[in-house]
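Colleague: build the 3D model from these lines:
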Amino acid sequence: MTETLQLRLARPADLAAVDALLARSYPRLLAADYPPSVLVTAVPLIARARPELLASGRYWLACDTEDRVLAAGGWSAGSPEASDVRQGLAHIRHVATDPSATRRGIGRALLSRAMDQARAEGFVRFSCLSTRTAVPFYASLGFRVLGEAEIALAPGIGFPAIRMQAGD
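Modeller: From the prediction side, this is the model:
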């Protein structure tokens with residue numbers, strides 16, 4: 001990573017910038033691993049910033065010198081699937097990198113910062129629901145595949161994902 005990069009906590013005012021990042025990222029980066037029939041129904045639902053994450057103090061942005069959002073992601077104590085809170089288990093949430101910024105260490109820097117924050121708060125294990133596309137990225141950070149999952153996005157609309165976990 002040769003460029004100047006600022007890692008900062010997201011704010012509710014960043015909603016439009018994160019929405020724009022997700023809208024740029026998901027259609028392009030997921031196209032190789034998901035059929036068009038899945039993308040046409042799922043992307044409009046997953047490419048929306050989560051206001052509660054942006055306001056949580058646990059969601060990070062990687063920005064360039066002009067404050068353009070190149071990556072976003074964070075964590076929560078509760079699972080995105082339910083109110084499941086387990087001692088020491090943090091859930092990695094809504095991670096994305098701009099297609100023009102992949103493979104430059106930006107996503108790794110952002111997620112490392114988020115995971116360091118979680119460790120500082122006493123979390124020692126991490127779980128995520130990865131896209132098929134992001135499995136190698138998470139594996140490079142020490143995550144292992146637990147199995148396949150289907151995320152229910154809306155009645156009759158599911159999204160295939162991969163459960164992964166890292167840590168003790």
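Colleague: which parts of this protein are helices?
Modeller: Under the criterion DSSP state H, helices of the chain are mapped to 15-30, 36-46, 51-54, 106-120, 135-140.
Colleague: could I get those as TSV with mean neighbour count and mean pLDDT?
Modeller: C-betas here are computed from N, CA, C, even on glycine. What follows is the helices of the chain, written out as TSV (neighbours: other Cβ atoms under 10 Å; pLDDT from 0 to 100):
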stretch	mean neighbour count	mean pLDDT
helix 15-30	18	95
helix 36-46	14	92
helix 51-54	16	94
helix 106-120	18	95
helix 135-140	15	96
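Colleague: residue 128 is nearest to which of the ones you listed?
Modeller: Ranking those by proximity to residue 128 (Cβ to Cβ) places helix 135-140 first, at 6.2 Å.
Colleague: contacts for the closest one?
Modeller: When contacts are defined by Cβ atoms under 8 Å, 6 or more residues apart in numbering, helix 135-140 is touched by residues 92, 107, 108, 128, 130, 145, 162, 164, 166.
Colleague: quick one: buried ones out of those residues?
Modeller: 92, 107, 108, 128, 130, 162, 164, 166 (16 or more other Cβ atoms under 10 Å).
Colleague: among these, name the ones in strands.
Modeller: 92, 128, 130, 162, 164, 166 (DSSP state E).
Colleague: which members of those residues are the farthest-apart pair?
Modeller: Pairwise over these, using Cβ to Cβ, the maximum falls at 162 and 166, 13.2 Å.
Colleague: now the common contact residues for the two.
Modeller: Common neighbours of residue 162 and residue 166 (criterion: Cβ under 8 Å, 6+ apart): none identified.
Colleague: quick revisit: with distance to residue 73 added, can I get the helices of the chain in TSV?
Modeller: Formatted as TSV, the entries for the helices of the chain read as follows, by distance: least, Cβ to Cβ, whole Å:
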stretch	distance to residue 73
helix 15-30	10
helix 36-46	13
helix 51-54	9
helix 106-120	6
helix 135-140	11
